[in-house]
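> Build me a structure from this.
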Amino acid sequence: MSTVRDAAFDVLSSRGLTTIFCNPGSTEVSLLVDLPDDLRFVLGLHEASVVGMATGWAIGNEAPALVVLHTTAGLGTAVGAIATARVNRAPLVIIVGQQDRRHLALEPFLTGRLEGLAGDYPVWVNQPARAQDVPGALARAWHEAVTARGPALVIVPMDDWQEPFDGEVLAAPARLLRPAAVPDADLAPLVRLLAGARSPAIVAGAGAAWDPLVALAERLRCPVFQESFGARAGFPQDHPQYAGVLPADRERLRKRLAPHDVVLAVGAPVFRQYVYVPGPLVAPGTSVALVTDDPAEAHRSAADLACLASPAAVCARLATLLPAVPATPPHHRPNVPATLSPEPPAGGPATLEPGLDGPAPPAGTPGGAPASGPGEPPRDGGPLRAAHVLRALASRLPADTVLIEETPSSRPDLHRLVPAKTPLGFVSAAMGGLGFALPAAVGLRMALPDRPVVAVVGDGSALYGLHALWSATHYRVGALFVVLANGRYAVMDRLADKQGGKAPWPPFTEVDVHGLARSLGCPARRVDSYDELTATLDEVLPGLSAREEPLLLDVTVAVDPDFQP
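Next up, the predicted model:
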């Protein structure tokens with residue numbers, strides 16, 4: 001007789017959910033023992049790492065990943081990572097184990113009050129009314145995760161798996177079509193706005209599609225900014241029209257966007273901020289439009305015009321519908337303001353504005369990386385700083401490197417010195433919580449075994465995700481982990497300085513990330529000098545795409561005295 005478990009495995013296999021990321025508990029044993037041969041089990045030593053690895057896998061494969069968590073303890077520990085997956089728009093199907101259905105009313109040991117435990121971060125939560133509804137719930141969870149691009153949870157009591165399943169109906173379609181084409185008539189307001197712009201600009205977010213956005217930007221001949229604190233690069237950062245990362249406070253944002261009468265955000269919120277500063281987001285006279293396929297992002301954005309549709313489809317069509325902007329000298333531009341009126345004024349080309357970290361890059365310098373300055377080798381025995389490490393990396397990384405960032409005190413240097421040359425050339429935790437980079441790098445490398453994968457992580461950040469190093473070692477995941485170790489929470493120290501008070505937290509210079517990595521079985525080296533750094537990178541990076549074991553570099557760096565969060 002077919003069981004619920006048999007039917008569930010059929011659903012999972014038919015939808016490509018054949019890798020299970022898990023830290024098991026007793027309520028999941030009846031599901032996990034004697035797995036079918038086509039299912040792969042990946043053990044994580046901590047639930048945050050389990051979900052983080054699955055998130056990386058989902059990002060790399062552009063498809064849902066499967067997670068199994070253990071009742072309240074597992075789900076509760078993983079909530080932060082689930083929140084990161086939601087904000088990073090990574091589709092996950094999460095099975096959460098529950099106590100035996102037959103005595104749940106008595107709340108036995110390990111009973112979980114699970115449906116609201118992860119708050120609003122799951123895109124869908126369901127505990128099936130009957131055991132026989134579990135396979136259909138898993139099929140629906142896959143659809144929900146894909147459609148909403150986030151984690152979908154199914155809560156399954158431990159006895160459900162062995163219940164009979166014969167002649168039951170799945171409450172989910174076998175196939176779901178999501179047409180993405182956008183009629184030209186629906187794009188008319190956006191076409192009028194952009195065609196009438198005197199000096200347009202684009203803000204690229206994690207939801208942008210590179211090729212269509214490049215075509216649109218080149219059609220408009222306008223600068224393209226990267227959203228602040230984004231989950232990934234939305235535009236090639238070695239493109240001549242790339243203009244840097246937007247500031248994350250309103251005052252600097254207004255100044256940066258002030259030269260532009262129309263700003264089009266693509267796959268990005270309007271606009272992601274950090275420290276509160278009063279005032280409007282943009283200067284008077286600047287109109288803001290948004291293209292996104294995320295309803296929540298569209299509904300909360302302070303835009304003059306929002307288009308809820310596929311960014312790839314919209315950008316591709318706009319690149320065809322809009323008139324090409326000629327390379328007109330700036331003094332020939334018509335001084336006509338952009339409006340939302342039905343009749344567009346005459347258009348004109350845009351100018352590139354300086355990037356986040358200074359003036360526009362000199363000709364021939366990809367990605368805005370300066371030809372000299374911060375990041376040059378330390379002189380006269382000076383301390384090794386994060387910029388030195390990042391510049392050394394940038395000059396050696398293969399162009400197709402997947403780079404995961406979680407180094408808050410060095411992020412501005414990374415943006416400036418390490419341009420993203422592929423859509424996964426910059427990946428980060430848009431949620432802002434720590435513990436993402438190490439496990440995500442493991443999952444990304446599992447999903448993309450032929451791509452070099454590098455995680456650049458602060459030592460404080462690394463301590464939240466070190467468990468993933470065991471999984472990397474055990475499953476022979478050849479990623480490179482570069483830990484910038486300054487022995488403190490540098491961002492918090494600077495924020496305390498700005499408050500004008502004394503921080504109560506001490507540095508943690510006793511922590512030995514190199515030793516901790518080795519205790520988890522992960523090969524690790526300590527790097528204390530620039531010569532050691534470059535020699536190690538020259539040895540490791542050329543063969544990184546074929547590497548079959550992880551390596552952690554524990555690089556001692558001093559805090560840049562000019563760093564400001």
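
> Sketch out the low-pLDDT regions of the stretch 301-450 of the chain for me.
328-375 (pLDDT under 70).

> Give me the mean pLDDT for the host helix or strand of D211.
Using DSSP states H and E, D211 maps to helix 210-220. Averaging pLDDT along helix 210-220 yields 96.

> Show me the helices in the stretch 251-400 of the chain, by range?
Secondary structure of the stretch 251-400 of the chain (DSSP state H, counting those that start in this stretch): helices at 295-300, 311-321, 386-394.

> Quick one: list the elements packing against the last one.
To tie it back to what came earlier, the one meant is helix 386-394. Secondary-structure packing of helix 386-394 (3 or more Cβ pairs under 8 Å, 6 or more residues apart in numbering; DSSP states H and E): helix 411-417, strand 453-458, strand 480-485, helix 530-540. C-beta: built from backbone N, CA, C; applies to glycine.

> so how far is the helix or strand that the second one is followed by off the chain centroid?
This means strand 453-458. With elements assigned by DSSP H and E, the helix or strand that comes after strand 453-458 is helix 459-462. Distance of helix 459-462 from the chain centroid (Cα atoms, centre = their mean, to the nearest Å) equals 18 Å.

> Same question for stretch 48-63.
With Cα atoms, centre = their mean, you get 10 Å for stretch 48-63.

> For it, buried residues please.
In terms of neighbour count (16 or more other Cβ atoms under 10 Å), stretch 48-63 has its buried residues at 48-61, 63.

> What about the residues you listed, which are in helices?
48-61 (DSSP state H).

> Looking at the residues you listed, which is nearest W210?
The closest of those to W210 turns out to be I59 (Cβ to Cβ; 14.7 Å).

> Now that closest one: closest residue in space that isn't a chain neighbour?
Once flanking residues are discounted, I59 sits nearest to A90: 5.4 Å by Cβ to Cβ, 6 or more residues apart in numbering.

> repeat for H239
Closest to H239 by Cβ to Cβ, 6+ apart is V214, at 6.8 Å.

> What of D493?
Closest residue to D493 apart from its sequence neighbours, by Cβ to Cβ, 6+ apart: A503 at 6.0 Å.

> Give me the neighbour count for the closest residue to A399 other than its chain neighbours.
Spatially, and ignoring its direct neighbours in sequence, A399 is nearest to K421 (4.9 Å; Cβ to Cβ, 6+ apart). Residues near K421, counting by other Cβ atoms under 10 Å, number 21.

> Could you check how far K421 is from A496?
Using Cβ to Cβ, to the nearest Å, K421 is found at 37 Å from A496.

> Next: A447.
For A447, the distance to A496 - Cβ to Cβ - is 39 Å.

> can you check A90 too?
Taken as Cβ to Cβ, the span from A90 to A496 is 33 Å.

> between those two, who's got more neighbours?
A90 (28 against 15).

> wait, which of the helices and strands packed on helix 386-394 is closest to L246?
Checked against Cβ to Cβ, the stretch from the helices and strands packed on helix 386-394 lying closest is helix 411-417, at 10.7 Å.

> what separates the helix or strand following the closest one from the chain centre, distance-wise?
Heading C-terminal from helix 411-417, the first helix or strand you meet, by DSSP H and E, is strand 427-428. How far strand 427-428 lies from its chain's middle: 4 Å, per Cα atoms, centre = their mean.

> Repeat that for stretch 235-244.
19 Å.

> Tell me what angle the longest helix belonging to the chain forms with helix 47-61.
Taking DSSP H as the criterion, the chain has its longest helix at helix 71-87. Counting by axes from the mean of the first three to the mean of the last three Cα atoms, to 10 degrees, helix 71-87 lies at 40 degrees to helix 47-61.

> If A152 is in a bridge, with which residues?
Beta bridges link A152 to V93, W124 when assigned by DSSP bridges.

> Could you list the alpha-carbon positions for the helix or strand of the chain with the lowest mean pLDDT in PDB?
Within the chain, no helix or strand scores below helix 490-499, which has a mean of 83 by mean pLDDT, DSSP states H and E. Extracted C-alpha coordinates of helix 490-499, given in PDB (Å, rounded to 0.1, in the frame of the first residue of the first chain):
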ATOM      1  CA  ALA A 490      34.100  47.800  14.100                       C
ATOM      2  CA  VAL A 491      30.800  49.100  12.900                       C
ATOM      3  CA  MET A 492      29.400  49.000  16.400                       C
ATOM      4  CA  ASP A 493      32.500  50.800  17.700                       C
ATOM      5  CA  ARG A 494      32.100  53.600  15.200                       C
ATOM      6  CA  LEU A 495      28.400  53.900  15.900                       C
ATOM      7  CA  ALA A 496      29.200  54.200  19.600                       C
ATOM      8  CA  ASP A 497      31.800  56.900  18.800                       C
ATOM      9  CA  LYS A 498      29.100  58.800  16.900                       C
ATOM     10  CA  GLN A 499      26.800  58.700  20.000                       C
END
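
> buried stuff in that helix?
Neighbour-count burial for helix 490-499 [16+ other Cβ under 10 Å]: A490, V491, D493, R494.

> Show me what it packs onto, helices and strands only.
Packed next to helix 490-499, using 3+ Cβ pairs under 8 Å, 6+ apart, is no helix or strand.

> now that helix against strand 480-485, angle please.
Using the same axes, to 10 degrees: helix 490-499 against strand 480-485 is 30 degrees.

> Contacts for the helix or strand just after helix 490-499, please.
Using DSSP H and E, the helix or strand that follows helix 490-499 towards the C-terminus is helix 513-519. Identification of contacts with helix 513-519 by Cβ atoms under 8 Å, 6 or more residues apart in numbering yields 459, 462-463, 466, 469, 481, 483, 485, 523-526, 552, 554.

> same deal with stretch 158-168?
1-8, 26-31, 97-102, 128, 131-132, 134-136.

> Take these and keep only those in helices.
Per DSSP H, the contacts of stretch 158-168 map to helices at V4, R5, D6, A7, A8, V29, S30, L31, V134, P135, G136.

> With adjacent residues omitted, what lies nearest to the fifth one?
Among residues not flanking A8 along the chain, P135 sits closest, at 4.9 Å (Cβ to Cβ, 6+ apart).

> residues near that neighbour, how many?
When neighbours are defined as other Cβ under 10 Å, P135 has 26 of them.

> May I have the predicted confidence score for it?
On the pLDDT scale, P135 gets 97.

> And the one 10 residues further on, by the same measure?
At A145 the predicted local confidence, pLDDT, stands at 98.

> Give the helix, strand or coil label for it.
Per DSSP: H, G, I helix; E, B strand; the rest coil, the local secondary structure of A145 is helix.

> Which residue is the nearest non-sequential neighbour of it?
P91 (3.8 Å).

> shouldn't that neighbour be in contact with A58?
Yes: look at P91 against A58 with Cβ atoms under 8 Å: they come within range, at 5.4 Å.

> overlap in contacts of the two?
P64, A65.

> For the helix holding D211, which outside residues touch it?
Against helix 210-220 from outside (Cβ under 8 Å, 6+ apart): 194, 197, 200, 202, 204, 224, 234-236, 239, 241, 266, 311-316, 318-319, 322, 324-325, 350, 423.

> Which of these are buried, as a PyMOL select command?
A single PyMOL command is used to select the members of the contacts of helix 210-220 judged buried by 16+ other Cβ under 10 Å:
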select buried, resi 194+197+200+202+204+224+234+235+236+239+241+266+311+312+313+314+315+316+318+319+322+325+350+423
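
> Give me the distance between the residue nearest to the spatial centre of the chain and P423.
Central residue of the chain (Cα atoms, centre = their mean): A231, 3.0 Å from the mean position. Distance, A231 to P423, by Cβ to Cβ: 11 Å.
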